[in-house]
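**Student:** the amino acid sequence is not available; the structure is as follows:
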Ligand code: SF4
């Protein structure tokens with residue numbers, strides 16, 4: 001990895017290790033990403049300001065307990081949202097994974113996909129350095145039948161060492177580098193500690209050139225990407241004709257929008273957009289953006305013949321009736337809002353489309 005990739009020094013706190021590391025991933029099943037998930041740490045070493053994991057059940061329920069541990073081990077009481085350098089490690093993860101796999105039959109994972117990882121980045125630098133990442137992957141490869149969907153923002157996966165490893169288990173891996181902007185400067189301020197977007201794209205290309213299976217992960221695509229052919233440029237760079245699938249989703253995070261806004265210059269399109277949508281609560285602007293993003297993706301996908309690969313993740317409850325009409329046919333759309341008891345969207349416009 002280029003040294004510039006990981007300029008920050010992580011502050012690591014050890015927290016109690018989960019007992020059963022491989023677990024079903026119903027949220028990712030709904031997104032058609034995976035059936036099971038494996039996280040090998042409790043809080044990612046990358047500090048993306050829009051990361052939803054900080055507000056997820058696991059960290060929320062343990063917030064106070066983990067703050068106590070942080071204070072004991074680092075001498076200051078800080079929370080993940082206040083310090084992007086903070087990371088929570090599970091010291092017994094390999095042992096607990098080994099214990100779990102010892103109880104499983106030989107065909108565990110057959111025909112199923114395991115995402116690595118869902119709530120954190122399994123290619124976090126310290127875990128690579130202390131070989132937790134490679135050892136966890138080896139255990140999964142040798143003791144299960146899962147196909148492994150790597151999801152990361154670390155361009156290290158495009159280096160020769162990792163490419164050789166993925167190639168050795170060619171049928172078992174599909175690799176994706178999550179990316180939703182081409183703006184390296186913005187990413188530096190918002191996706192703290194990750195590899196710059198251009199390096200992630202380069203890594204994806206290196207994997208593709210080496211014949212490793214890949215997928216596109218445009219999650220989330222930020223609003224300024226809809227201007228001046230930026231989205232089309234990004235899509236071209238992930239090579240739709242080569243990847244297995246392309247996931248994309250609009251930004252929709254009511255918890256972290258202020259921190260994300262700090263990454264934009266005051267007065268820029270992104271800054272104004274976040275202010276209008278989340279501070280002034282002009283939901284129509286979000287509805288139009290999510291719809292326009294879909295329409296641009298859909299048009300390019302249809303023009304180029306890869307609509308079957310598109311997986312547009314849409315929390316549709318905030319889409320207006322007028323915009324919903326533009327999404328007729330739901331081609332390439334995976335509705336993500338909670339359904340009613342009969343599996344229908346609670347947004348009447350989408351219930352009709354279903
Ligand atoms: S890399 Fe992923 S898991 Fe890690 S902080 Fe960023 S969004 Fe969260």
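**Tutor:** That came in fine, so what should we check first? Computed from a prediction, not measured in an experiment: that's the story for all the values here.
**Student:** can you tell me which residues contact whatever residue of the stretch 201-350 of the chain ends up closest to the ligand?
**Tutor:** Nearest residue of the stretch 201-350 of the chain to the ligand, counting by C-beta to the nearest ligand atom: residue 219, 9.0 Å away. Backbone N, C-alpha and C define where each C-beta goes, glycine included. The contact partners of residue 219, by C-beta atoms under 8 Å, 6 or more residues apart in numbering, come to 178, 180, 247-249, 313.
**Student:** what ranges do the strands span in this structure?
**Tutor:** For the chain, the strands defined by DSSP state E occupy 11-14, 22-24, 36-38, 41-43, 47-48, 86-89, 113-116, 147-152, 173-178, 191-192, 214-221, 246-250, 310-314, 333-335.
**Student:** in a markdown table: these, plus mean pLDDT.
**Tutor:** As requested, those are exported to a markdown table (pLDDT from 0 to 100):
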| stretch | mean pLDDT |
| --- | --- |
| strand 11-14 | 96 |
| strand 22-24 | 98 |
| strand 36-38 | 98 |
| strand 41-43 | 97 |
| strand 47-48 | 90 |
| strand 86-89 | 96 |
| strand 113-116 | 98 |
| strand 147-152 | 98 |
| strand 173-178 | 98 |
| strand 191-192 | 90 |
| strand 214-221 | 96 |
| strand 246-250 | 97 |
| strand 310-314 | 97 |
| strand 333-335 | 96 |
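**Student:** so can I have a markdown table of those strands showing distance to residue 268?
**Tutor:** A markdown table is the format used below for the strands of the chain (distance: least, C-beta to C-beta, whole Å):
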| stretch | distance to residue 268 |
| --- | --- |
| strand 11-14 | 31 |
| strand 22-24 | 40 |
| strand 36-38 | 36 |
| strand 41-43 | 30 |
| strand 47-48 | 19 |
| strand 86-89 | 29 |
| strand 113-116 | 34 |
| strand 147-152 | 28 |
| strand 173-178 | 23 |
| strand 191-192 | 17 |
| strand 214-221 | 17 |
| strand 246-250 | 18 |
| strand 310-314 | 26 |
| strand 333-335 | 29 |
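**Student:** now the residue of the stretch 201-350 of the chain closest to the ligand: how far from residue 190?
**Tutor:** The gap separating residue 219 from residue 190 is 14 Å, by C-beta to C-beta, to the nearest Å.
**Student:** same question for residue 140.
**Tutor:** For residue 140 relative to residue 190 (C-beta to C-beta), the value is 31 Å.
**Student:** how about the stretch 51-200 of the chain: which residue is closest to the ligand?
**Tutor:** For the stretch 51-200 of the chain, C-beta to the nearest ligand atom, closest residue to the ligand: residue 51, 3.1 Å.
**Student:** excluding covalently adjacent residues, which one is nearest to that residue?
**Tutor:** Using C-beta to C-beta, 6 or more residues apart in numbering and skipping the chain neighbours, the partner closest in space to residue 51 is residue 44 (6.9 Å).
**Student:** what do you get for residue 232?
**Tutor:** Once flanking residues are discounted, residue 232 sits nearest to residue 300: 6.0 Å by C-beta to C-beta, 6+ apart.
**Student:** how many neighbours does that neighbour have?
**Tutor:** 18 (other C-beta atoms under 10 Å).
**Student:** need the contact list for it.
**Tutor:** Counting by C-beta under 8 Å, 6+ apart, residue 300 touches 231-232, 235.
**Student:** same question, residue 96
**Tutor:** Contacts of residue 96 by C-beta under 8 Å, 6+ apart are 17-21, 90.
**Student:** likewise for residue 41?
**Tutor:** Neighbouring residues of residue 41 by C-beta under 8 Å, 6+ apart: 87-90, 93, 117, 120, 122, 124, 127, 132.
**Student:** any idea which of those residues is closest to residue 72?
**Tutor:** residue 88 (13.0 Å; C-beta to C-beta).
**Student:** so that closest one is in contact with residue 15, correct?
**Tutor:** Yes: using C-beta atoms under 8 Å, residue 88 makes contact with residue 15 at a distance of 4.7 Å.
**Student:** okay, these two: which has more neighbours?
**Tutor:** residue 88 (22 against 19).
**Student:** so the more buried one bridges to which residues?
**Tutor:** Beta bridges link residue 88 to residue 13, residue 43, judged by DSSP bridges.
**Student:** which residues do residue 88 and residue 15 both contact?
**Tutor:** In contact with both residue 88 and residue 15: 42, 66, using C-beta under 8 Å, 6+ apart.
**Student:** enumerate the residues of this structure near the ligand.
**Tutor:** Contact residues (C-beta under 6 Å from any ligand atom) of the chain with the ligand: 44, 46-48, 51, 53, 120-121, 153, 194.
**Student:** let me know the distance separating the residue nearest to the spatial centre of the chain from residue 150.
**Tutor:** Residue closest to the average C-alpha location in the chain (C-alpha atoms, centre = their mean): residue 178, at 5.6 Å. For residue 178, the distance to residue 150 (C-beta to C-beta) stands at 11 Å.
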